[in-house]
Each structure stands twice: as C-alpha cells, then as structure tokens.
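Chemist: I'll drop the sequence and a predicted model, then ask my questions.
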Amino acid sequence: MSSFLRGVLLGFSIAAPVGPIGLLCIRRSLADGRLVGLLTGLGAATADAVYGGIAAFGLTAVSGTLVAYRTWLGLFGGAFLCYLGVRTFISKPDERHASAGRDTLASAYVSTFVLTLTNPMTILSFVAIFAGLGVASGADYSRAAMVVTGVFAGSAAWWLLLSTGTAMLRSKLGEGPMRLVNHLSGSIIVAFGIYAVATAFRG
C-alpha cells in the first residue's frame, strides 16, 4: 500500500469519530449550509496536517515547546469550546441564512483550526502512528510528505461527506427541531469544554 493511501486511511479514521468538531460541523451544516460545515472540518484537518508534519519531519524543538505548554493550551481550548457551545445553545433558528458571507466562512475555518491546535499531544499520537507505519521522524522526507498529504486528504474526504449529508437535511428542519439541535449540540460542546479544562488542570 502506498504511503499516500495509508495517510488517507489514517486521516479518515482520525476524523470520523464524532467529537466537538464533528458536532460543530453538523450544527453549522444545518444552520449555515454545506460550505460552512465543510470549512469547519477543513480547519481541523489542516491543524491535524500541521501536527502530523511536525511529527513526521522530526521538528522536536517545536513539538517539545508545544507539549511543554499543553496545560495552558488545554485551558484555552476548553474555554474556547465552552464559548462556542454557549453561542450554539443561544443561537436562534431564524438566524440561518441562504448563503454565508466571507466572515462566516473564515470564522468557521479559523475557529476549528485554532481549537484543534490547542491539543499538542496530537503530535505524540502521530509520532506513534507514523512509527507503526514505518515512517521514521525526519528520516524520509518524501515519504513523510506523502503520508501527511494523505492524512489531510482523508480527513477532508470525511468532512465533505459529513457536511454534504447533513446539509441535505437542512430544508427539512423547522424552527422547533433546529432549536433542539442548537440546545443539544451546544450543551454537549460545553461539556467537552469543561472536560478539557478539568483535564488541563490535572496535567
């Protein structure tokens, strides 16, 4: 199996489990459309590719610094999740728009990119996974680049499927169901944020 294809499978499997980013993607796809949902996922995919690149290319100074500040990054990420969760909970169904503006598109991408970067322990996960795939850190740059590119492509494929599938339900949801979606997803995202803050304090 090629390095790129291995990366695609890895990226898809990493993105597929539904966590706070998945909930944001689902909710934004329903509220603002497929493109906003897709960009939400692509922000996370880009951050994963960045961390994967740091691990694959053996940038130990960068990874060491990020891991050293994992507590503060975790606190920021948890607080940011709580903020996004509260915003989701209190948003009104009638705030949906037929087409999202540039600010909304940029915010969807940047918010999840930053949020995913607040978990630097991802680097250590990639180091272990790449070692299992036979990609030694910094040893074979061309192979590492193919794996990291595959990781992004696989993750992007998942977010495209999720956002497209969810957006197909958009027109079928009335104000009541959409309000329930906002409340449920907002509450769960806040719970993820509180857990992230508690975990950061323990770290």
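Modeler: Sure thing, it's come through.
Chemist: quick one: contacts for the residue nearest in space to the middle of the chain?
Modeler: Nearest to the geometric centre of the chain sits Ala44, at 3.0 Å (CA atoms, centre = their mean). Ala44 makes contact with Ala15, Ile21, Thr112, Phe113, Leu115, Thr116, Ser155, Trp159, according to CB atoms under 8 Å, 6 or more residues apart in numbering. Backbone N, C-alpha and C define where each C-beta goes, glycine included.
Chemist: for the helix or strand it falls within, the distance to its chain's centre please.
Modeler: Assigned by DSSP states H and E, Ala44 belongs to helix 34-56. Computed by CA atoms, centre = their mean, to the nearest Å, the chain-centroid distance of helix 34-56 equals 6 Å.
Chemist: give the rounded mean pLDDT of that helix.
Modeler: Here helix 34-56 scores 89 as its mean pLDDT.
Chemist: just the buried residues of that helix, please?
Modeler: Neighbour-count burial for helix 34-56 flags 34-56 (criterion: 16 or more other CB atoms under 10 Å).
Chemist: for Gly154, which non-adjacent residue is spatially closest?
Modeler: Leaving aside its sequence neighbours, Gly154 sits nearest to Gly11 (CB to CB, 6 or more residues apart in numbering; 2.9 Å).
Chemist: figure out the helix or strand that that neighbour lives in.
Modeler: helix 3-15.
Chemist: show me what that helix is in contact with.
Modeler: By CB under 8 Å, 6+ apart, the residues outside helix 3-15 that reach it are 41, 44-45, 48, 129, 133, 135, 143, 146-159.
Chemist: again, but for stretch 65-77
Modeler: For stretch 65-77, using CB under 8 Å, 6+ apart, the contacting residues are 54, 115, 117-121, 123-124, 193, 196-197, 199-201, 203.
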